[in-house]
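Q: sequence first, predicted coordinates after that:
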Amino acid sequence: MTKRVFSGFQPTGHLTIGNLLGAIRPAVQLQDEADCVYAVVDLHALTVRHDPERLRARTREAATLLLACGLDRSLVYIQSQVPAHTELSYLLESTAYFGEMRRMIQFKEKSAGQEEVRLSLLTYPALMAADILLHRTDLVPVGEDQRQHVELTRDLALRFNRLYGETFTVPEAVHPRVAARVMDLTTPTSKMGKSNGSTAGTVYMLDPPADVRRKVMRAVTDSGTEVRYDPQDKPGVSNLLAVLAACSGRPVESLAHETYGALKRDTAEAVVETLRPIQERYLELSADPAELSRLLAAGAARAAERGAGLLAAAREAIGLP
């Protein structure tokens, strides 16, 4: 039986090559063997202070990039356009405990030292669980930083099933087979992030080629001159080698360079060429806003149709008319 996969992309910043190589490209490859669902989870961006117009723009940008990357054989949609997400989220909030929400690592980190903390920051893991469970998801590709959320999703699904009857598919967290962990180019010991990374050390998917080349050529390397893959002792060089390997499709061990400069030049060109077809397709999609809106609306309609049966079953199980 074909497994169903779900992933969500938060529009909290512009998507980066880290998102591309670590999550989106493996997702494109997964389409050949699984039933894939990908949502731009814009409701999650409301957990912290935000600019409404910027959120709308970045949500549409992220959805367009997912399509431009080749996820057009998957179900792609914008989360907030499917009301079932929020309704199911409340049913799961009514199954969750305050203590387990308070213990979530991201809540602890983002609320630490803050005088004003939005309630949604505490409860949004229930919404994340709803995102997953709404589609009767089997597998959730995640990094280590999101594994706790999938474990909570499993706990809520099992608890709901035990209290109210078998309703939810209990998902499993999996690591993508082909993925690259891309680090910040200026701080190679920190993961490249779309919202919390340094601008100089982050290559965005829509960066012009000149910007890509400049950022890569200015990447921090390491002491010494030997080019070798050694994340512990040579994190800067190892990061460039990992990016080059992921972009070129060649194993790290086969990438021989005599100097840091040569490695940077080859990496810069590999990134530029990887991004070129994506950026071209992005411009094509963006050139026809009406057609793009139609595609995203069609995705939302399919998602709503798929989730209707599950939501109805959850409502009945918990005792709603």
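A: That came through, no problem.

Q: which parts of the helix or strand containing Ala210 are buried?
A: Taking DSSP states H and E as the definition, one finds Ala210 inside helix 209-217. Under the neighbour-count criterion of 16 or more other C-beta atoms under 10 Å, helix 209-217 has 212-213, 215-216 buried. Yep, even glycine has a C-beta here, placed from its N, CA and C like the rest.

Q: tell me what the one helix or strand in the chain whose mean pLDDT sits lowest is packed against?
A: Least confident helix or strand of the chain, by mean pLDDT, DSSP states H and E, is helix 105-111 with a mean of 85. Packed against helix 105-111 by the contact rule (3 or more C-beta pairs under 8 Å, 6 or more residues apart in numbering; DSSP states H and E) you find helix 119-133.

Q: list the buried ones in the helix it packs on?
A: 121-133.

Q: can you add distance to Leu65 and pLDDT and give those back as TSV?
A: Putting those into TSV (distance: C-beta to C-beta, whole Å; pLDDT from 0 to 100) gives the following:
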residue	distance to Leu65	pLDDT
Leu121	26	93
Leu122	30	94
Thr123	28	94
Tyr124	23	94
Pro125	26	95
Ala126	27	97
Leu127	23	97
Met128	21	96
Ala129	25	97
Ala130	24	98
Asp131	19	98
Ile132	22	98
Leu133	26	98
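
Q: looking at these, spot the one nearest Arg4.
A: Looking at the buried residues of helix 119-133 and their distance to Arg4, the nearest is Ile132, at 10.1 Å (C-beta to C-beta).

Q: the closest one and Val140 touch, don't they?
A: Yes: contact criterion C-beta atoms under 8 Å: Ile132 and Val140 qualify, at 5.8 Å.

Q: mind listing the shared neighbours of these two?
A: Residues touching both Ile132 and Val140 (C-beta atoms under 8 Å, 6 or more residues apart in numbering) are 6, 150, 153, 171.

Q: not counting sequence-adjacent ones, nearest residue to the second one?
A: Going back to what we said before, that points to Val150. Distances taken as C-beta to C-beta, 6 or more residues apart in numbering put Ala173 closest to Val150, at 4.0 Å, once the chain neighbours are dropped.

Q: where's that neighbour relative to Gly13, distance?
A: 24 Å (C-beta to C-beta, to the nearest Å).

Q: what's the burial count for Leu4?
A: Leu isn't right for residue 4; it's Arg. Residues contacting Arg4 under the criterion other C-beta atoms under 10 Å number 18.

Q: pop out the phi and psi values for the residue lying closest to it once chain neighbours are set aside.
A: Using C-beta to C-beta, 6+ apart and skipping the chain neighbours, the partner closest in space to Arg4 is Asp35 (4.5 Å). Main-chain dihedrals, Asp35, degrees, to the nearest 10: phi -90, psi 110.

Q: over to Phe9?
A: With angles defined as degrees, to the nearest 10, Phe9 sits at phi -120, psi 120.

Q: any idea what it is bridged to?
A: Beta-bridge partners for Phe9, by DSSP bridges, are Val40.

Q: please tell me I have it right and it contacts Thr16.
A: No: assessed by C-beta under 8 Å, Phe9 is found out of contact with Thr16, at 11.4 Å.

Q: could you pull out the helices in the stretch 51-200 of the chain for me?
A: Ranges of helices in the stretch 51-200 of the chain, per DSSP state H, counting those that start in this stretch, are 52-68, 84-93, 98-102, 105-111, 119-133, 147-164.

Q: so how far is the first one from its chain's centroid?
A: Centroid displacement of helix 52-68 relative to its chain, using C-alpha atoms, centre = their mean, to the nearest Å, is 13 Å.

Q: what does stretch 84-92 contact?
A: Here stretch 84-92 makes contact (C-beta under 8 Å, 6+ apart) with 43, 79, 123, 126-127, 129-131, 133-134, 156, 160, 303-304, 307-308, 310-311, 314-315, 318.

Q: can you pull the buried residues of that stretch?
A: Under the neighbour-count criterion of 16+ other C-beta under 10 Å, stretch 84-92 has 84-85, 87-89, 91-92 buried.

Q: again with stretch 185-193
A: Quick answer for stretch 185-193 (16+ other C-beta under 10 Å): 185-188, 191-193.

Q: how's the protein carved up into domains?
A: Here the domain parsing of the chain from automatic domain parsing is 4-179+289-318, 209-284.

Q: and Thr199, which of the ones you listed is closest to it?
A: Proximity to Thr199 (C-beta to C-beta) singles out domain 209-284 among those, at 8.9 Å.

Q: now the buried residues of helix 209-217 in TSV, with pLDDT and distance to Ala262?
A: Shown next, in TSV, are the buried residues of helix 209-217 (pLDDT from 0 to 100; distance: C-beta to C-beta, whole Å):
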residue	pLDDT	distance to Ala262
Val212	97	17
Arg213	97	14
Lys215	96	17
Val216	96	12
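
Q: okay, those in JSON lines with distance to Arg228 next?
A: Shown next, in JSON lines, are those (distance: C-beta to C-beta, whole Å):
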{"residue": "Val212", "distance to Arg228": "24"}
{"residue": "Arg213", "distance to Arg228": "24"}
{"residue": "Lys215", "distance to Arg228": "23"}
{"residue": "Val216", "distance to Arg228": "19"}
